[in-house]
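Enquirer: can you look at this prediction? I've put the sequence above it.
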Amino acid sequence: MELGGDYPACDSETWVAGRRGAPWTKPEFGFIKVNTNAAWCKNTLRMGVGWVCHDFAGMIQAVGGSGTGLCHSAAAGEAYAIREAILACTNLGFNKIIIEFDTKSIIKMLRKELPDFSLDCILGDIEVLACRLTSVSFASMSKESNSAAHSVAKYVFKQSQEFIWDCIGPDFLFNTLAKDVNISMRI
């Protein structure tokens, strides 16, 4: 596993890339693309994290999130969203995943280019969980291309609950998901 730092050796094929500004794209056949995001309130330190899993056809395989946590920064919330998404993928049996998120600093932290000792535990969890998968990659993307995961994070934040939806997904997300995969249909 090559991430540019002292990462634990594992059988998982892992890499970190930066891809800002590109539109959302479908993953290759056999892979699940997982978009993650966090909603965080500086005053209360409450957060909501969301993740959306698409297959190679752009179809939703699972959507979920949790609005029950507290964290000390927006970056911690973003890292927690990644951790929760990898854990969900492991539980759902997705072994080849691409994690995309809109926080470029997390890419630098995963590469050990930007140390943030306050996030060491959660980044360590991400590394350990990644080793359980056959293949995992991490990439940053534009905020505009990550609107579905952001919508889920806001929803679970407001509800203060955990949710997991199956391949149909929640109603509030339909139009955003259709736009992501270039389907011109609205409800």
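Expert: Looks like it arrived, so ask away.
Enquirer: okay, Pro23: pLDDT?
Expert: Note on Pro23: pLDDT of 66.
Enquirer: one more: Met59?
Expert: 88.
Enquirer: so it sits right up against Gly169, yeah?
Expert: No. Assessed by Cβ atoms under 8 Å, Met59 is found out of contact with Gly169, at 9.7 Å. (C-beta placed from N, C-alpha, C; glycine too.)
Enquirer: more neighbours, these two?
Expert: Comparing Met59 with Gly169 by other Cβ atoms under 10 Å, the one with more neighbours is Gly169, at 20 against 13.
Enquirer: ok, the residue nearest the centre of the chain - contacts?
Expert: Nearest to the mean C-alpha position of the chain, by Cα atoms, centre = their mean, lies Thr36 at 2.5 Å. By Cβ atoms under 8 Å, 6 or more residues apart in numbering, the contact list for Thr36 reads Val49, Gly50, Trp51, Glu78, Ala81, Ile82, Glu84, Ala85, Ile99, Glu100, Phe101, Ala149.
Enquirer: closest to Cys121 among these?
Expert: Nearest to Cys121 among the contacts of Thr36 is Ile82, at 13.3 Å by Cβ to Cβ.
Enquirer: once you drop chain neighbours, what's closest to the closest one?
Expert: Distance criterion Cβ to Cβ, 6 or more residues apart in numbering; nearest residue to Ile82, sequence neighbours excluded, is Thr36 at 5.3 Å.
Enquirer: ok, now how distant is the one you found from Phe101?
Expert: 5 Å (Cβ to Cβ, to the nearest Å).
Enquirer: which pLDDT value goes with Asp180?
Expert: So Asp180 comes in at 64 (pLDDT).
Enquirer: distance from the chain centre to stretch 155-169, please.
Expert: On the basis of Cα atoms, centre = their mean, to the nearest Å, stretch 155-169 sits 14 Å off its chain's mean C-alpha point.
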